[in-house]
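Engineer: Any chance you could fold what I've pasted below:
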Amino acid sequence: MLHYDLTFMDAHGWEAIKKSLNQRVVVVKERLVPSRHNRVWIVETDVRPVVVKLSLSGKAPDEFEFLIRGKRKDLNVPFPMHMEDGYLVMEYISGEPCDLLINHMFSLEAAEKLGVWLARFHESMSDSDSDTIMADAVLSNFVMREGEVYGFDFESSGRGEPLDDLGQLATSILGSEPYFIPIKFDLARRMLLGYEKQSGMEVVESVRPYVSKHLEQASFSKPLFRRTFSQVASGLRRGWPRLA
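Structural biologist: Reported below is the predicted structural model:
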């Protein structure tokens, strides 16, 4: 049996980069970045930096088409440059990671802009027959650049309930360290108010069951805090906590 080292890009990946830039390039630097489901590299070349994603799920063509749709709708998403043999080459968008802005800097502006971005996404990508959701709305899939939020990772996007995206994003805010401190509830609420402001829909109360669901799901990956996650999830079914 052959074993492949997926931390290194193979010849297909380098070929995809060359085709995406329509020329041979000099690679200045490459680095593997964290990804839960795929292999992702940031590759700096003498032409421009790019993001290269090796899809282990086989969904690179779906994500490529989804990004094209997003750019046509003027969404803040990366421009898809080339796709072949499971490799997707995209525009590199620099910025401050939203997990840093939320979990360490407690940025209310970033929280509100996350809600605005998600509302625009739902408005732009849905149609009269059904709603489209991101399905991986977690802080690590967003950056903020020049006051605007940009979203990434759409291989799981498809039909669904928009409140589920909101519940997942609120859970990502509440359920990231530091867990469940008062400012985290303020940040989650600000995100939801940003969504309401952009969409014109009231979601602060209707999203609670979805936050509870995602907190229960997240508890299984945090065994040391499982009881705490479950208690907060249970409490949210009754209402948002009253903070002094």
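Engineer: Settle this for me: Phe185 is touching Arg242, isn't it.
Structural biologist: No - if you go by Cβ atoms under 8 Å, Phe185 and Arg242 don't touch, sitting 10.0 Å apart. Where C-beta positions appear, they are placed from N, C-alpha and C, glycine not excepted.
Engineer: how close does Arg227 sit to Gly239?
Structural biologist: 20 Å (Cβ to Cβ, to the nearest Å).
Engineer: ah, wrong one, I meant Arg145
Structural biologist: 36 Å.
Engineer: The two - which one has more neighbours?
Structural biologist: Taking neighbours as other Cβ atoms under 10 Å, Arg145 and Gly239 compare with Arg145 leading, 12 against 9.
Engineer: check contacts around the nearest residue to that one once chain neighbours are set aside.
Structural biologist: Nearest residue to Arg145, sequence neighbours excluded (Cβ to Cβ, 6 or more residues apart in numbering): Gly95, at 3.4 Å. Shown in contact with Gly95 (Cβ atoms under 8 Å, 6 or more residues apart in numbering): 143-146, 150.
Engineer: Mind giving me the ChimeraX command for buried ones among those?
Structural biologist: Selecting only the buried entries of the contacts of Gly95 in ChimeraX, with 16 or more other Cβ atoms under 10 Å as the criterion:
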select :143,144,150
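Engineer: Go through the contacts of Gly95 and name the one nearest Glu65.
Structural biologist: Here the nearest of the contacts of Gly95 to Glu65, counting by Cβ to Cβ, is Tyr150; it sits at 18.8 Å.
Engineer: which element follows the helix or strand of the chain with the lowest mean pLDDT toward the C-terminus?
Structural biologist: Using mean pLDDT, DSSP states H and E, strand 27-33 stands out as the lowest-scoring helix or strand of the chain, at a mean of 88. Next along the chain after strand 27-33, taking DSSP states H and E as the criterion, comes strand 39-45.
Engineer: Tell me the first helix or strand C-terminal of that following strand.
Structural biologist: strand 50-54.
Engineer: model confidence over that following strand, on average?
Structural biologist: Mean pLDDT, computed over strand 50-54, is 95.
Engineer: Check which helices and strands it is in contact with.
Structural biologist: The helices and strands touching strand 50-54, judged by 3 or more Cβ pairs under 8 Å, 6 or more residues apart in numbering; DSSP states H and E, are helix 11-21, strand 39-45, strand 87-91.
Engineer: how big is the angle separating that strand from strand 39-45?
Structural biologist: 150 degrees (axes from the mean of the first three to the mean of the last three Cα atoms, to 10 degrees).
Engineer: then strand 50-54 to CSV, C-alphas only?
Structural biologist: Extracted C-alpha coordinates of strand 50-54, given in CSV (Å, rounded to 0.1, in the frame of the first residue of the first chain):
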residue,chain,number,x,y,z
VAL,A,50,-2.3,32.6,-3.7
VAL,A,51,-4.2,30.1,-1.6
VAL,A,52,-4.1,26.5,-2.7
LYS,A,53,-6.6,24.0,-1.3
LEU,A,54,-6.5,20.3,-1.8
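Engineer: Partner strands of it, with direction?
Structural biologist: Strand 50-54 has the following strand partners under DSSP bridges: strand 39-45 (antiparallel), strand 87-91 (antiparallel).
Engineer: Save the ones you listed as JSON lines, and put in mean pLDDT and distance to Leu100 too.
Structural biologist: Shown next, in JSON lines, are these (pLDDT from 0 to 100; distance: least, Cβ to Cβ, whole Å):
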{"stretch": "strand 39-45", "mean pLDDT": "94", "distance to Leu100": "16"}
{"stretch": "strand 87-91", "mean pLDDT": "96", "distance to Leu100": "21"}
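Engineer: Please identify the most buried of the ones you listed.
Structural biologist: Between the strands paired with strand 50-54, strand 87-91 has the highest mean count of neighbours, a mean of 23, where neighbours are mean count of other Cβ atoms under 10 Å.
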